[in-house]
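Asker: model the structure of this input:
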Amino acid sequence: MAVFLNTQTELALGFEPTFGTRAAAATIRSTPGIWETVDLPDPDMGFEPHYFVADSTNANRNFRFIYRGKRSHNLSIPNMLAIDGTALRWSIGSVATPTATTSTATTFTLPVARGATVITVADTAGFIAGDNIRIAGTSAIAEVRTITLVTGGVGGTLTFANQPLQFTHAAATDANVHEVVAPFTHQIRETNVLDSMTLWSRYTDSDSTAANNFVRLHSGVKIGRTTYSADDGGALRVSWDGIAQDMVHNQQFHSSIGGGATDISNYHADAIAAFPGVTYPTTEPYYFSQGLLTAFGVAFARVRNFRIDVDNNLEPRYYIRDNIPSQVPREIQENPRTYRMSATIALPDSFAATATTRSLWKELVVEGTYATFAGFDMTLVFTRGTNDTITFTIPPSAAAAGNNAQGAFITRAHHPLGGDSPIHIPVEIVFRSMSINVVDSLAYYP
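Answerer: Numbers count the residues shown, from 1 in each chain. The predicted structure follows:
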């Protein structure tokens, strides 16, 4: 008897140009990382019992009727190995790629909408399939895509079929199109509204019988909570918690339902019959030993572990709808974002008590009484090789006193007597903002 095996499951994601509108099948091909366990957003069905006045003693204290309530879809993917930057940006915001250009260039002549996979350019001369091009005139919305088809010459088109654009570009201001080559610098920056994704999963049985595949598509997925963490001897890991708006699947009705396929909620075989193969990464993860933590200008060489938590406090909203018998969320709303960090750090090399060297203990006891209440800067860098790094920068610009400018603050850093040798300090830090830069050979992140 064939059974479903964990080792034969697949998971892929695709970028949604519009919240809740499923990504095109051809674009659902990126895996978020190397994962072992996934709690997919199966529906949590809300049923509301009602205790009406009864006309019979048979009711006793039991509810008279139960009605449909809200339906929610919650997602959890713990402890993914970060092979590249795919998993890093979804709870932060957008990713732009302002990479250096080559001499081959053109301009596009028509505005380009978010989600487009074709641009019309003044001239296609010098471009061929396989070239990487950077689109945009400003670094904040620069995007790199890989050409899959070149059509025409003057007034021709460039197609990047599997890589929809993340930003809208106006021809008058963002018309630059340049060929670019690796390495690529990807800048992950905060946005108020998070992008949503379509998440696709497929279970294949031990006989690899395609007809028995169990397939689901979750649309309108927003990642509300992300944890970046690493322990000594391990690798950089990312954990996701999120919410999906809705789901379709390929499981047919059964005899107890009756009436046909429309009677099983969200059966949609035609939408998920065939999907392209998932593109799996081949690189190694970013190891803990490749990391370096710097705080207030001091590099800490003896870090045992760290954890950064991002929480967008997502809230599904269920609004009045016009004659639509649906209990799924109408939208998923972002609320105030919070950042927290914890780490275990050994005390630095000893120095004279009269020295003015900055330390964790000094920051802990005086940071609340600084003349300028600015906090401090932090960086966490993982270097896998030449032009292959991930850099967390806290805050994105130098910490300063004032509105929307402060940096990190130590809330807890107990210096115990006894215990580990050398002495290790559990540190807890709160900060207001963060950016992430990834430098690698991948031209595009979804």
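Asker: hey, let's count contacts and neighbours off CA atoms from now on
Answerer: Noted.
Asker: tell me which other helices or strands the helix or strand of the chain with the lowest mean pLDDT touches.
Answerer: Ranked by mean pLDDT, DSSP states H and E, the weakest helix or strand in the chain is helix 360-366, scoring a mean of 77. Here helix 360-366 touches strand 408-413, going by 3 or more Cα pairs under 8 Å, 6 or more residues apart in numbering; DSSP states H and E.
Asker: roughly how far does S433 sit from R340?
Answerer: The gap separating S433 from R340 is 10 Å, by Cα to Cα, to the nearest Å.
Asker: any idea what the closest residue to M378 other than its chain neighbours is bridged to?
Answerer: The shortest distance from M378 to any residue other than its chain neighbours is 4.4 Å, reached at A295 (Cα to Cα, 6 or more residues apart in numbering). Beta bridges link A295 to V298, M378, judged by DSSP bridges.
Asker: do I have it right that A295 meets G375?
Answerer: No: counting by Cα atoms under 8 Å, A295 does not reach G375; the two are 10.5 Å apart.
Asker: kindly tell me how buried I243 is, as a neighbour count.
Answerer: By the measure other Cα atoms under 10 Å, the count of residues near I243 is 26.
Asker: for it, name its beta-bridge partners.
Answerer: Listed by DSSP bridges, the beta-bridge partners for I243 are N74, K222.
Asker: which residues touch it?
Answerer: When contacts are counted by Cα atoms under 8 Å, 6 or more residues apart in numbering, I243 touches 41, 72-75, 220-224, 314, 316, 332.
Asker: just put these in TSV and tack on distance to T109 and neighbour count.
Answerer: Converted to TSV, the contacts of I243 look like this (distance: Cα to Cα, whole Å; neighbours: other Cα atoms under 10 Å):
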residue	distance to T109	neighbour count
P41	42	23
S72	44	19
H73	42	21
N74	43	18
L75	41	20
G220	32	27
V221	34	30
K222	33	29
I223	35	29
G224	38	25
L314	39	18
P316	40	17
I332	36	23
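Asker: quick one: the strands in the stretch 151-300 of the chain?
Answerer: Assigned strands in the stretch 151-300 of the chain, in chain order: 157-159, 176-180, 184-190, 196-205, 214-231, 237-244, 246-249, 291-295, 298-300 (criterion: DSSP state E, counting those that start in this stretch).
Asker: what about these, which gets the closest to R384?
Answerer: With Cα to Cα as the measure, strand 291-295 is the member of the strands of the stretch 151-300 of the chain nearest R384 (8.9 Å).
Asker: what's in contact with the closest one?
Answerer: Under the criterion Cα under 8 Å, 6+ apart, external residues in contact with strand 291-295 comprise 299-301, 303, 376-383.
Asker: hmm, which two among the residues you listed are most spread apart?
Answerer: With Cα to Cα as the measure, no two of the contacts of strand 291-295 lie farther apart than F376 and T383, at 23.0 Å.
Asker: tell me the contacts of the most centrally placed residue in the chain?
Answerer: Nearest to the mean C-alpha position of the chain, by Cα atoms, centre = their mean, lies W90 at 2.3 Å. Taking Cα under 8 Å, 6+ apart as the definition of contact, the neighbours of W90 are 194-196, 222-223.
Asker: for the closest residue to A24 other than its chain neighbours, list each beta-bridge partner.
Answerer: With sequence-adjacent residues excluded and distances taken as Cα to Cα, 6+ apart, A24 is closest to G14, at 7.7 Å. When bridges are called by DSSP bridges, G14 pairs up with T198.
Asker: these two touch, right, F300 and P348?
Answerer: Yes: in terms of Cα under 8 Å, F300 counts as a neighbour of P348; the distance is 7.2 Å.
Asker: burial of the closest residue to S433 other than its chain neighbours, as a residue count?
Answerer: Counting by Cα to Cα, 6+ apart, S433 lies nearest to P395, which is 5.2 Å off, once chain neighbours are set aside. Taking other Cα under 10 Å as the neighbour definition, P395 ends up with a count of 22.
Asker: do the same with I128
Answerer: The burial metric for I128, expressed as a neighbour count using other Cα under 10 Å, is 15.
Asker: kindly export stretch 399-417 (C-alpha atoms) in PDB.
Answerer: Extracted C-alpha coordinates of stretch 399-417, given in PDB (Å, rounded to 0.1, in the frame of the first residue of the first chain):
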ATOM      1  CA  ALA A 399      21.400  55.800  15.500                       C
ATOM      2  CA  ALA A 400      20.500  59.300  16.600                       C
ATOM      3  CA  ALA A 401      18.300  61.100  19.100                       C
ATOM      4  CA  GLY A 402      14.900  62.200  17.900                       C
ATOM      5  CA  ASN A 403      11.900  61.000  15.900                       C
ATOM      6  CA  ASN A 404      12.300  57.800  13.900                       C
ATOM      7  CA  ALA A 405      16.100  57.800  14.500                       C
ATOM      8  CA  GLN A 406      16.900  55.800  17.600                       C
ATOM      9  CA  GLY A 407      18.900  52.600  17.500                       C
ATOM     10  CA  ALA A 408      19.200  49.600  19.800                       C
ATOM     11  CA  PHE A 409      18.800  49.500  23.700                       C
ATOM     12  CA  ILE A 410      19.900  46.800  26.100                       C
ATOM     13  CA  THR A 411      17.000  45.900  28.400                       C
ATOM     14  CA  ARG A 412      18.700  43.000  30.200                       C
ATOM     15  CA  ALA A 413      22.300  41.800  30.600                       C
ATOM     16  CA  HIS A 414      22.800  40.000  33.900                       C
ATOM     17  CA  HIS A 415      26.400  39.500  34.900                       C
ATOM     18  CA  PRO A 416      26.200  36.400  37.100                       C
ATOM     19  CA  LEU A 417      28.700  35.200  39.700                       C
END
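Asker: on that earlier part again, so which of S433 and R340 has more stuff around it?
Answerer: For S433 against R340, the residue with the higher neighbour count under other Cα under 10 Å is S433, and the figures read 23 against 19.
Asker: let me see the contact set for the more buried one.
Answerer: Applying Cα under 8 Å, 6+ apart, the residues contacting S433 are 190, 339, 394-396, 407.
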